[in-house]
Every structure is written in C-alpha cells, then in structure tokens.
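Engineer: task: produce atomic coordinates for the following.
(chains A, B and C)
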Amino acid sequence: MIIYDFLYNLVFSITQSAVAGDITAMVISALLPLFILVLPFALLAVWLERKVSAHMQDRLGPMRTGSHGWLQTVADVIKLLQKEDIVAAANDRTLFNIAPILVFAGSYLVFAALPFSSAYIGSNIDLGLIFIIAASGFVVAGILMAGWSSNNKYSLLGAMRSAAQIISYEIPTILVILTIIMITGTTNLRTLSEMQTGYFWNWMIFGGAGFSLSKFLFIPFMLIGFVTLFISTLAEVNRTPFDIPEAESELVSGYHTEYSGMKFAMFFMAEYANMFAVSAIVSAIFLGGYQSPFGYLGNTFGLHWLIPIEQFLWFASKGVFFVLVQMWLRWTLPRLRVDQLMALCWKYLIPIAFVNLIIIGLITVL
Amino acid sequence: MALKTEQMILNMGPQHPSTHGVLRLEIVLEGEIIQKVTPHIGYLHRCFEKHCEAMTYPQVIPYTDRMDYLAAMGNEFGYVIAVEKLLGIQVPERVEYIRVIMGELQRIASHLVAIGTYGNDIGAMTPFLFAFRDREVVLNLFEITCGARMLYNYIWVGGLSHDLHPDFVRLTREFITYFRPKIIEMNELLSTNKIFIERTANVGVLPLETAINYGITGPMLRGSGFKWDLRKDDTYSVYNKFDFDIPIGEGKVGTVGDCWDRYFVKILEMGESLKIIEQALDQLPEGDVTSAIPKRIKPPIGSVYARVENPKGELGYFIISNGTTSPFRVKVRGPSFVNLGIMDVLCKNHMVADVIAILGSVDIVLGEVDR
Amino acid sequence: MKTEEEIFNLLKENFNDDIMELVKQPVDHYILCNPLKINEISLFLLSNEELLFDSLMNLSGVDDANGTSTIKEGITTIEGGTLSVYYHLESTKFRHKIILRISTPREKPEAASVALVWRSADWHEREAFDLLGIIFLNHPDLRRILMPYDWDAGYPLRKDYANPEFYHGMKVPY
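Structural biologist: Okay, the predicted model is just below:
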C-alpha cells in the first residue's frame, strides 16, 4: 500500500503520466515479494529443511559450504542451472515445458494477496481469500500437465493422485474459510488482519476481537477449525504425511520424475514457496496475520515507522514457525496410503468442518 | 454406457528406490489395485554355486559373505557347520561361543537394516537413520574383531581367523546397555505410530498353512504365529545352553501374520539376541580358537545338508563331496530366495503402495536371492 | 517322529518298485525314487497322517557327471550318466526329516514336478531347470529364473558347460 503509493508518486513526479506511474508501481510492487521473499525464502527453507532433518536424525547435515553449510542451497542452485535440460523423446514437449512454469506461477500468485504488513500487501484485493484458493487450485493443472506430458507411468500415477488429493482437500479448506468469512464478513485479508489487532486474545483462534458471549462460545470450534485447516493445507502442499504424489519409495518422485535441471528446481522452489504460503494463510486467518501478540515497540517508543517492520517480522516468524512444524512432521511421521488419505478427507475432515460451520453459523445468529 | 478400461502393467525396478536392490516386479494393475505380481530376479547372479566347484573348501567362505551381505557372519556360520559336519570334527567350546555372539550381533545389525529400511519404505526417514546409527556400533565391534565391517571371512572351518580383541567383551557389554533403550525408542517412534499401524496392520496377511507350504521361514513364519526357530527346534552350536524366547506374531494391532507382525517380531528378536549375547559373554570359556583348524580339508565322499537360523530365515547349505579338496556341488537354500516366492500371494488385491509395505516386510537381500 | 528306515518301509509298502533303495552315506542318508512318480510319492508324504512332511526345506539339482567324458580341443563333453534332484523334507509337526533323490538320464532329463505339492518347490525347480536343464513335467511356469530369459548357450551348472563367445554382441569371457 504505502510502497505502491510511494512508487506511484515517484514515477508520477518524473514522467507526469498516471498510467506509467500506475503500471510501474504495480509491476515493481508485485515483483517485490518474488525477489525479497519467495526466492530467498526458498533458498533458506531448503537449507533449513536439511539442517532440521539432520539434527532430528543425529546427523550434521551440510557442513562444508560456508559456516554450517548455509551456502549449500546456493551451490545446489548453481549446479542445477548448469545441468543439461533433458527432454525425453516420448515427452509432450510443449506441455512438458509449460508445466513447471505453471506450477511455480500458481504458488507465486498466492503471494500477491498475502498481507505482509500493514504497509505492504502485493495486491489489496477485496476477494483475497477467494483469490488465494483459486490461485492454489491453479497448481493442479500444472501438476496434471507434468504427469501427463512426462509419458511415464510413475509420473502419471503421481499426478493423478496429486490432483485427486489437492481437489479433495480444498473442500475442508474452503469450509473452514467459510466459517471465518461468516464471522468476520470479509474476504479481504488486510481487513481480516486489522480485525485481529491488539493483543493475542483478539486473534481468530481465540474467537476474534471483542468480549461478548459468542467469543467464548467460538473458542473450541475455532480450535477445531484451526486444526482442520492446518491438516488440509498440509495435504494441499503435498507434505508428509500426505506426500503421496511424490512418494519416493513408491513412485520414484511422482510427477516430477522426468524433470531435470532448472525445471526440477522450479517444482522444488514451488514446493517451498507453497509451504510458506499456506503457513502464512493459516496464520493470517487464525493467528492475527501480521499483528503482534503483545503490542508494538514502535508504539512504546513513539517510532511509528518501526511498526510496519515489526509487523513484517511477526508475519514472517509466524510463517516460518508453521514451516518448521511442517518439517518436524515430515521427519517424524510415515506416509499414508492413497485410500487412507481420501478416507481422512471425506470421512473425517469434511464432516467435521461442515458441522463446525453449522454450529458457528448458529452461534453467529445468536 | 460402459467405460472402456484397460489393465496397466507397471514395471517396478530393477532401478527403483524401494526394491532393495535390483529386483524387478512386474505388476498388473487395475486402477491402483493389483491383479498379479511377477518377480523377475537374476540381475545380481554371480554364479556362486559354479564358483564353489572350482575352489577349495576354505576359499568358499569369502564368497558366502557376499550372498546375504547384511548377515555375512550368519552365512559363514552356516557354511562352516556344513563342512564340519561333513568332516566330522568338533570345534573348541570358545569358538562356538564366539560364533554365537557374532551370529547374534549380526542378527541385530541385519534386523536394524530391515526395520530402518522398512520405515523408509513406509515414508518415515528418521527411523532409518536411527537404525543405521545403532548398526554402526555393531559394525565397530566387528571391525575390532576382524578388521572388516561387512564381509568378514572370520569364521573358519574348525575355528576362527582371530581371537577376540581384548576390549571386545567390555565394548559389547557397553553396547548392550546402550542398545536396550534404543529398542524402546524405536517402538515409540515407529512401531506404535498410528499412521505406521494404519499402513501395515491387516496388510499382506500370510496364513500359517500357506506360509509353511511356501517354505517360508524366519521372522516371516514367526510373524504368522508359528513358534519355529532353528536355534531351538533344530539346535546347533551351543544355542541349547542359553535361555531365550521365540517371539511370534500375535496380531496385536491387526490380523496374525500381517506386515506389522512380521515387523514387530524383528524388534522383539533383537531383545532376545541381546539376552543371548549377555549370557554368552558371562559363560565365555578360555581357550585357543585356531588350534582345531584342519591343515588340509578333504571330506569323505558323501553329502550333507546343514542349516542355521539366519536373520532372514533358514539358511541351508547342501554340499556334495567327491573326496577331493573342492566341493562337487554346493547348493544354497537362501531364505530371501524362498520368501520372495510368495510375493504374488501376498500382494493380490492390495494397492501399489502396499507392494512396498509387503516387500519391505518380506525383507529380502538380492545378493542372496540371486547368489 | 519316525526313523529313515521306518519311512522307507512305509513308502516301499505303498509304492513298490518306484522306491528303489535307502542309500546310507557317512552323514546324510537318502531314498532313491522313480523320477516320474516323485509327485505321487510327495503327495503321499505330505498327506499321510503318520508322516505329514509339510515343509520342503530344499530342492537341489545336481549334475552327477557319471557318464563318459571326452575332452576335445579343451572342451569337455559328457555323454550318458544322470542328473539328480535331491529333496530335503521335514515335518514341522513330528520333527522328522527325510531326503529323497531321483536320477534322470542326462539325454532326457525329465522328472515330475512337485511344485503343486509344496509351493516352495516352484522356484527351486525353475532354478534346477535354469542351471541344469532338468525338465519338470507339469510345472505351472517353467521358465529360466536366474539366467536371462533368452540365454541359449546351455545350462551353466552342468559340468561340461562352456561359456559362449558372445551374448547379444557382448563378449562373454573376460
């Protein structure tokens, strides 16, 4: 917001053209998260994943590239950039090339609507929540394309499983989001975050702001909703225990078996970008988004420019916290079977989310 | 209007992350449901039996190591028992005790690999590395004993290649105290995990009748609920001097003889092996381990079938001697080879993901299947 | 629990000439049987209530190399003589063991299959077929098992086996 206005004013003062200012500000503020967030975060997360898993398993993990191996991912990316881009003769070349871009674009689109801080939100659209759901559904098309065009049975099986899984788990996700929309009456993520301002008891997981009876009635159902949302987002990003589409031990690596070099890296980065995106959504909806749980240092010291930076840090740390939880789960739990995964979704999560929706609806009416 | 469907043939392997080597499974699928599994083996065939015919009896020992390379001590053990039976010689008591200790340590090491890779097959990476961390300690014990970590050539006909290292007894006792809590840790991390149970309970159920008819042995047979262990039921070496139980599958979380039972039998067996090692260390007699090694091994004409309880099941050696210094025919009855033969029965009407769970619970080593 | 003599006598009563003799060796003793009747003998051993041999521990084919062997230009050829199969049986109930042996002529090595009596014999018989060329009649799926399916240079475990020069254009002796 502020960044957009700042850029707009800057360009407008130089060119005196509203259109040019608009376009430049839009492009730059939309590209910002890619360069300041998605790429560095993917690099960090890959390194983090390796270190977290290593320490959970009594190992050291990468140790040689830089102190404690922090340059390892950079080295990996350089390696991947240099690798030959292999396209097998039997692949459907066009679809094969589009698929990784589509998957990456899909997961990156989500970042556009994420409220990083009160001063910066890529695109402050009113349908933020709906947009995020729609954009993450975009990934399915990419995965299906990848699986189909690879012309490999493992890839196809992986892609089919993945599509079935992501689409199924969108339902509990949407049902939980619907309950939130019902309470707050907004789909704008910035408004949603602003509603949870103040202290942590104003967060949606604790029933939202205000001290009415309904707030206390909401708390248990909000917890249920929070757990349901977390589980189903976990499944949407194909993380353990739901990493069935790329189950190494069964399907080699699922839909991206045939990919090499940078195209593989795009799937890989999309996965890590997605991890952060869903964590950010969960924290934006239930844990106050960029809001601090205890108030701001900027307010205490009267330094108002500090608040957006603090907010950004809170948002990032909430996101990283959930990313760490996902890693923790990944290195602890085995994998479900594909029918058990579907059973979990259709027999447990959807009914729970649905009943939750009805009960919260009744409370809201009261 | 009926939809046109067709069966899909999926080739799993020989290059596949969880076929535990170069096994190729040809799977006929109807959707994700398996109609038929045909194992194709032989990618690791190294003509062990043909080689034996050209070598003297002691020269065969290093080759036996390379069959079930995760349980090389057990392979040597079985082979020397067969040759000693053919020669009709007795070995000193100390040698027998050391052989038993080595055999049981090897059983722990082999089961750790089986359990760890099984966790990995199901999708849990951490138990795999925990198991390998503990196996490392066992391998260190082997290393101070005979210098090798995997392929030992330690147990010789009539004796052993070296006596124990002076620190061996102390280090083994340390290992026992170190390892007991690790079994509990493994149970907490994997055996009782809800998802792990969901994946393995009631999957690949092997009824006892079928198991015996298919010649299944080892933890697989015991997983089906049959108390059958050659260490007790056809005792050899000095196993009759130790007090230990034979764990069997009880269907605690599912049906008797499912993948979980086969897995859990291995966990329990590690505890029993620790018991045996502890007793053997207490009773370990003094003596010379190389004195009974015959200078020249030339068995009389005849044949012998000797078998031992290897970690994976009954390992049998059928040796025919024609009175010369090299065997006329050696046939190995590898437990992995026989156990793998039941894949089709176990997998029918399961899903692709279950093939991995079942194959992991069968616990094969391709070195032994293909020899 | 029955001794080998008792089992031999019981078999002799039921199968007369198909059971030839009980051969005694220093360690193991075996009963020599008719190769074409081995399936019936096996079924009897499995189903007789006093025997109940429910487990086939091992099945091994052996080239007896007891024919006349001629060496010409470094290549050994054996003519005549027999190929044998040993069956190691055990009863898990009575804990008794027995070894059967059949011998079949080298020129026409045929034996009845026991794969339908003990399923464990399936792969063992395929192996004996693969490595020694013993043909098991009525085997459900007699294919090569360890060697490549298209191996046409003979049976490796025979004593007169010689490596082929080439296999699919690849040089075999190294």
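
Engineer: C-alpha only now, for contacts and for neighbours.
Structural biologist: OK.

Engineer: pLDDT of the helix or strand encompassing A:S279, averaged?
Structural biologist: Using DSSP states H and E, A:S279 sits in helix A:261-286. Averaging pLDDT along helix A:261-286 yields 83.

Engineer: all the strands of chain B, in order from the start?
Structural biologist: Using DSSP state E, the strands assigned to chain B run over residues B:8-12, B:24-30, B:33-40, B:155-156, B:159-160, B:302-310, B:313-321, B:329-333.

Engineer: by how many degrees do the third one and strand B:8-12 diverge?
Structural biologist: If I follow you right, that is strand B:33-40. 40 degrees (axes from the mean of the first three to the mean of the last three C-alpha atoms, to 10 degrees).

Engineer: which other residues reach strand B:33-40?
Structural biologist: Contact with strand B:33-40 is made by B:23-29, B:341, B:343-344, B:347-352, C:145, as judged by C-alpha atoms under 8 Å, 6 or more residues apart in numbering or on different chains.

Engineer: then the second one?
Structural biologist: For strand B:24-30, the external contacting residues (C-alpha under 8 Å, 6+ apart) are B:6-15, B:34-41.

Engineer: hey, which helix is longest across chain A?
Structural biologist: Criterion DSSP state H: the longest helix present in chain A is helix A:153-184.

Engineer: report the closest residue of the stretch 51-200 of chain A relative to chain C.
Structural biologist: Residue nearest to chain C within the stretch 51-200 of chain A (C-alpha to the nearest C-alpha): A:K153, separated by 24.6 Å.

Engineer: name the nearest residue to that residue, sequence neighbours excluded.
Structural biologist: B:L10 (7.1 Å; C-alpha to C-alpha, 6 or more residues apart in numbering or on different chains).

Engineer: quick one, strands of the chain?
Structural biologist: You didn't pick a chain, so chain A it is. Under the criterion DSSP E, chain A contains strands at A:115-117, A:120-121.

Engineer: actually chain C
Structural biologist: Ranges of strands in chain C, per DSSP E, are C:19-23, C:30-33, C:55-63, C:68-72, C:75-79, C:82-90, C:97-105, C:110-112, C:135-137, C:166-167, C:170-171.

Engineer: could you look over these and pick the most buried one?
Structural biologist: Most buried of these by mean neighbour count (mean count of other C-alpha atoms under 10 Å in any protein chain shown) is strand C:55-63; its value is a mean of 25.

Engineer: taking strand B:302-310 as reference, get the angle to it.
Structural biologist: Interaxial angle of strand C:55-63 relative to strand B:302-310 (the same axes, to 10 degrees): 140 degrees.

Engineer: close to chain B, is strand C:55-63?
Structural biologist: Yes - for strand C:55-63, a contact with chain B is found by C-alpha under 8 Å from any C-alpha of the partner chain, at C:S55, C:L56, C:M57, C:N58, C:S60, C:V62.

Engineer: got TSV for these, with pLDDT too?
Structural biologist: TSV is the format used below for those (pLDDT from 0 to 100):
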residue	pLDDT
C:S55	85
C:L56	87
C:M57	86
C:N58	88
C:S60	88
C:V62	88
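
Engineer: and the furthest pair within those residues?
Structural biologist: C:S55 and C:V62 (20.8 Å; C-alpha to C-alpha).

Engineer: find the nearest non-adjacent residue to the most centrally placed residue in chain C, please.
Structural biologist: In chain C, the C-alpha nearest the mean C-alpha coordinate belongs to C:V85, at 1.9 Å (C-alpha atoms, centre = their mean). Using C-alpha to C-alpha, 6+ apart and skipping residues adjacent in sequence, the residue nearest C:V85 is C:G61, 4.3 Å away.

Engineer: same thing with A:A265?
Structural biologist: Here the residue nearest A:A265, using C-alpha to C-alpha, 6+ apart, is A:L80, at 7.0 Å.

Engineer: which positions in the stretch 51-200 of chain B make contact with chain C?
Structural biologist: Residues of the stretch 51-200 of chain B lying close to chain C by C-alpha under 8 Å from any C-alpha are B:K85, B:L86.

Engineer: how about the residues of the stretch 51-200 of chain B near chain A?
Structural biologist: Residues of the stretch 51-200 of chain B that fall close to chain A, judged by C-alpha under 8 Å from any C-alpha: B:119-126, B:129-130, B:189, B:193, B:195-196, B:198-199.

Engineer: buried among those? Need that as a selection in PyMOL.
Structural biologist: Selection of buried members from these for PyMOL, criterion 16 or more other C-alpha atoms under 10 Å in any protein chain shown:
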select buried, chain B and resi 119+120+121+122+123+124+125+126+129+130+189+195+196+198+199
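
Engineer: are any of the contacts of strand B:33-40 buried, and if so which?
Structural biologist: With burial judged by 16+ other C-alpha under 10 Å, the buried subset of the contacts of strand B:33-40 is B:23-29, B:341, B:343-344, B:347-352, C:145.

Engineer: returning to that earlier point: may I see the strands of chain C organised as TSV, with distance to A:W305 added?
Structural biologist: TSV is the format used below for those (distance: least, C-alpha to C-alpha, whole Å):
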stretch	distance to A:W305
strand C:19-23	101
strand C:30-33	96
strand C:55-63	82
strand C:68-72	99
strand C:75-79	94
strand C:82-90	86
strand C:97-105	89
strand C:110-112	92
strand C:135-137	89
strand C:166-167	78
strand C:170-171	76
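
Engineer: among those strands, which is nearest A:D22?
Structural biologist: strand C:170-171 (69.3 Å).

Engineer: count of neighbours near A:L10?
Structural biologist: 15 (other C-alpha atoms under 10 Å in any protein chain shown).

Engineer: quick one: low-confidence parts of chain B?
Structural biologist: Within chain B, the segments meeting pLDDT under 70 span B:1-3.

Engineer: quick revisit: please identify the deepest-packed of the strands of chain B.
Structural biologist: Per residue and on average, the most neighbours among these fall to strand B:155-156, with a mean of 26 (mean count of other C-alpha under 10 Å).

Engineer: who are the packing partners of that strand?
Structural biologist: For strand B:155-156, the contact count by 3 or more C-alpha pairs under 8 Å, 6 or more residues apart in numbering or on different chains; DSSP states H and E identifies helix B:72-87 as packing neighbours.
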